[in-house]
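**Student:** Okay, sequence plus prediction incoming.
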Amino acid sequence: MSVFVFDIETIPDIEGGRRLLGLDGLDDNAVVQAMQAVRRQQTGGSDFQRLHLHRIVVISIAMRTADRFRVWSLGEADGSEAEILQRFFDGIERYSPTLVSWNGGGFDLPVLHYRAMLHGVTAPRYWETGASEQTFRWNNYLNRFHERHTDLMDVLAGYQPRANCALDELATLCGLPGKMGMAGDKVWPAIRDGKFDAVRDYCETDVLNTYLLYLRFQRMRGHLDPAAYRQECALVRDTLVEQDQVHLNEFLQAWQPDPLEATEGR
């Protein structure tokens with residue numbers, strides 16, 4: 001089975017905010033400031049928007065299929081959110097992959113759901129729960145405890161929110177690069193200032209961190225033996241060298257030697 005480790009980056013839905021708050025005539029910056037002020041009033045401090053008011057600007061994917069590993073992104077600086085979404089769900093339609101995320105159940109997937117509904121995106125295989133294909137009754141993308149979507153943060157926390165761990169912290173503890181030069185709250189300023197490439201690169205390093213943690217998880221639960229784990233890590237390293245992009249080279253340089261790759265077996 002194919003594996004898609006995915007992550008999204010979002011900005012406030014300016015058109016949605018303009019419509020909901022009746023802000024016709026205000027420029028984008030003023031609308032965002034108004035949305036943030038309203039949200040701070042609602043929460044008592046945080047301006048993090050409700051999930052349906054996030055507009056997706058990029059989806060990054062680390063894809064492992066039977067014959068290759070690849071890291072890439074859906075989205076362009078002036079791209080269409082609807083096109084990004086449809087291409088993502090078309091990939092699910094084609095490959096029926098295992099989706100892997102970090103907090104995807106709590107953020108990424110609900111955002112994808114709302115935005116797909118807004119744009120009229122079709123995704124029959126993603127929404128399949130067994131009516132047309134019986135195997136999806138026992139393993140589908142929507143059930144929290146199924147593996148067709150594995151929210152790695154949720155699984156490792158034993159489905160206990162108070163036990164959740166930040167991706168950056170666990171990745172760093174495991175010798176991975178973790179966050180590299182950006183965080184979620186910097187995405188809107190970067191997009192506003194025309195720095196789409198920096199956002200895309202950041203998203204791609206996030207899926208690399210998540211994919212490598214997923215490999216450790218697969219080893220921990222016995223789905224990869226030590227030799228297979230070493231082989232998978234080597235494939236990632238070789239792929240990053242082959243892709244030869246600045247941010248991937250920086251990730252590779254920051255990736256510390258993994259003691260598990262040297263383990264002959266236990």
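**Tutor:** Alright, I've got the coordinates.

**Student:** Can you tell me the element D7 falls in?
**Tutor:** Using DSSP states H and E, D7 falls within strand 3-12.

**Student:** Can you pull the poorly scored residue ranges out of the stretch 1-150 of the chain?
**Tutor:** Judged by pLDDT under 70, the stretch 1-150 of the chain has no weakly predicted residues.

**Student:** Could I get the full set of helices for it?
**Tutor:** Secondary structure of the stretch 1-150 of the chain (DSSP state H, counting those that start in this stretch): helices located at 14-21, 28-43, 81-95, 109-119, 124-127, 135-138.

**Student:** quick one, the strand holding D7 and helix 109-119 angle?
**Tutor:** 70 degrees (axes from the mean of the first three to the mean of the last three C-alpha atoms, to 10 degrees).

**Student:** Give me the sheet partners of strand 3-12 and which way each runs.
**Tutor:** Strand 3-12 sits in its sheet next to strand 54-64 (antiparallel), strand 98-101 (parallel), going by DSSP bridges.

**Student:** Output the ones you listed as a markdown table; include the columns mean neighbour count and distance to E76.
**Tutor:** (Glycine included, C-beta is placed from N, CA and C.) Shown next, in a markdown table, are the strands paired with strand 3-12 (neighbours: other C-beta atoms under 10 Å; distance: least, C-beta to C-beta, whole Å):
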| stretch | mean neighbour count | distance to E76 |
| --- | --- | --- |
| strand 54-64 | 23 | 9 |
| strand 98-101 | 23 | 22 |
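
**Student:** Tell me which of these lies nearest to Y114.
**Tutor:** Comparison of the strands paired with strand 3-12 against Y114 by C-beta to C-beta identifies strand 54-64 as nearest, at 8.0 Å.

**Student:** now stretch 200-215, how far from the centre of its chain.
**Tutor:** Averaging C-alpha positions (C-alpha atoms, centre = their mean, to the nearest Å) puts stretch 200-215 8 Å from its chain's average.

**Student:** meant to ask about stretch 231-238
**Tutor:** Remark: stretch 231-238 is offset 21 Å from the chain centroid, using C-alpha atoms, centre = their mean.

**Student:** Over that stretch, what's the mean pLDDT, rounded is fine.
**Tutor:** The average pLDDT within stretch 231-238 is 97.
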